[in-house]
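Student: Take a look and give me a structure for this.
(2 chains)
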Amino acid sequence: MDGSRNIKKYKFFFLDIQKEEKWILSIIRQGYRLASVRTGTGRYDFVPCHFMDFEPVIKIDFRTFRKSDEFENYIALFEDSGWNHVSGTKTGGAQYFEKARATASEDIFSDKASRAERYKRIANMWLGLFCVYLPLSAVFSKNGLYNFNTFINWKELYLTPGLWEMTGIRFWRAFLFETPFAFGRGFSGFLFFLIVIFYVFFGIKALYWYYKEKK
Amino acid sequence: MNLDKYLPLTETTYYILIALIEPGHGYYIMQKVEELSSGKVRIAAGTMYGAIDNLLKQGLIQSVPGEDKRRKVYQISKEGRKVLELEISRLRNLVKIADNNELKGAN
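Tutor: All right, here's what the predicted structure looks like:
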């Protein structure tokens, strides 16, 4: 990296906003500016940065909006006070701001409480998703989607007639062909359950950060 | 409505309510608060937005029609004024107690 070409990096931070801000800053200090972030794939795009008389710090807020004009109003407030919106969508949550004036404040938060509130909003999002999907997974369970016997009788998930009597290349071809379908048949319920568990895990982790930062 | 539950006000909330006696958008409030406090209280954008959001939910300020499409304009509400008056009389009372006791003229 010599600060003359665009670079892209992939990284996930799993809710640790401070670590993310520090990492972004470490790239910026090598002569770059943050151009965009795609939180879904963890992709960060940086462009070379020259001729700036101050460090273009990145700070991250977390907020979702119902209406576009409220999102605009939010961005306008930051712009007015010297922070440009670099990346983030109306409903995506993570909002990245770049310091655009040397005279702008050091941070986008001026007290501990509001800095911690970010984590509360993150927790609300994950726990909200959890509350939506939990009843669904209960319905799945009632319909027998979580049948632990499938782990033992996994052979029954394969429906090709006479599959287990086949030999050699013929067997492997039929076996490998059906494996994705068999997996879907047997374990999609468990996969769904796993996702729901992730939601509650992220929610609780964000709450933990909230109380830790508030102190 | 029981307005006492909002008391005591945080310094930030107090300044914002005072600033919004005159209608203004978010950045106006930030500048006004800095001016009112002689530069001592500087509210950053993220904190300011959160504070406005909370005050709107509590009904202590309200959104009023403005000329700028991108920037919403706010003003203190009736309840907000009442809360501010309650807080001011609370603070007056506290100062009076100090004045009536040894602390009078201590500095």
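Student: quick one, helices of chain A?
Tutor: A:17-28, A:68-80, A:112-142, A:149-152, A:168-214 (DSSP state H).
Student: Spell out which residues of chain A are next to chain B.
Tutor: Residues of chain A lying near chain B by Cβ under 8 Å from any Cβ of the partner chain: A:59, A:61, A:63, A:69-70, A:72-74, A:76-78, A:80-81, A:83, A:97, A:105, A:107-111, A:114-115, A:117. Quick note: C-beta positions are derived from backbone N, CA and C, even for glycine.
Student: Can you flag the buried ones in those residues?
Tutor: Buried residues within those, defined by neighbour count using 16 or more other Cβ atoms under 10 Å in any protein chain shown: A:59, A:61, A:63, A:72-74, A:76-78, A:80-81, A:83, A:97, A:105, A:107-111, A:114-115, A:117.
Student: List the residues that contact residue 52.
Tutor: In the absence of a named chain, this looks at chain A. Contacts for A:M52 (Cβ atoms under 8 Å, 6 or more residues apart in numbering or on different chains) come out as none.
Student: hmm, I had chain B in mind actually
Tutor: Applying Cβ under 8 Å, 6+ apart, the residues near B:I52 are B:16, B:26, B:29, B:61, B:74.
Student: ok, which of those residues also contact chain A?
Tutor: Checking the contacts of B:I52 against chain A (Cβ under 8 Å from any Cβ), the matches are B:G26.
Student: Low-confidence bits of chain B, can you list those?
Tutor: B:1, B:103-107 (pLDDT under 70).
Student: What segments of it are strands?
Tutor: B:24-25, B:61-64, B:73-76 (DSSP state E).
Student: can you put these in a markdown table and add mean neighbour count?
Tutor: Output for those, formatted as a markdown table (neighbours: other Cβ atoms under 10 Å in any protein chain shown):
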| stretch | mean neighbour count |
| --- | --- |
| strand B:24-25 | 19 |
| strand B:61-64 | 17 |
| strand B:73-76 | 20 |
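Student: Now those in TSV, please, with extra columns for distance to A:E213.
Tutor: Output for the strands of chain B, formatted as TSV (distance: least, Cβ to Cβ, whole Å):
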stretch	distance to A:E213
strand B:24-25	29
strand B:61-64	26
strand B:73-76	27
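Student: Residues of chain B that sit close to chain A?
Tutor: Residues of chain B found near chain A (Cβ under 8 Å from any Cβ) are B:12, B:25-27, B:30, B:42-51, B:69-72.
Student: returning to what we had before: just name the most buried of the helices of chain A.
Tutor: helix A:68-80 (a mean of 18; mean count of other Cβ atoms under 10 Å in any protein chain shown).
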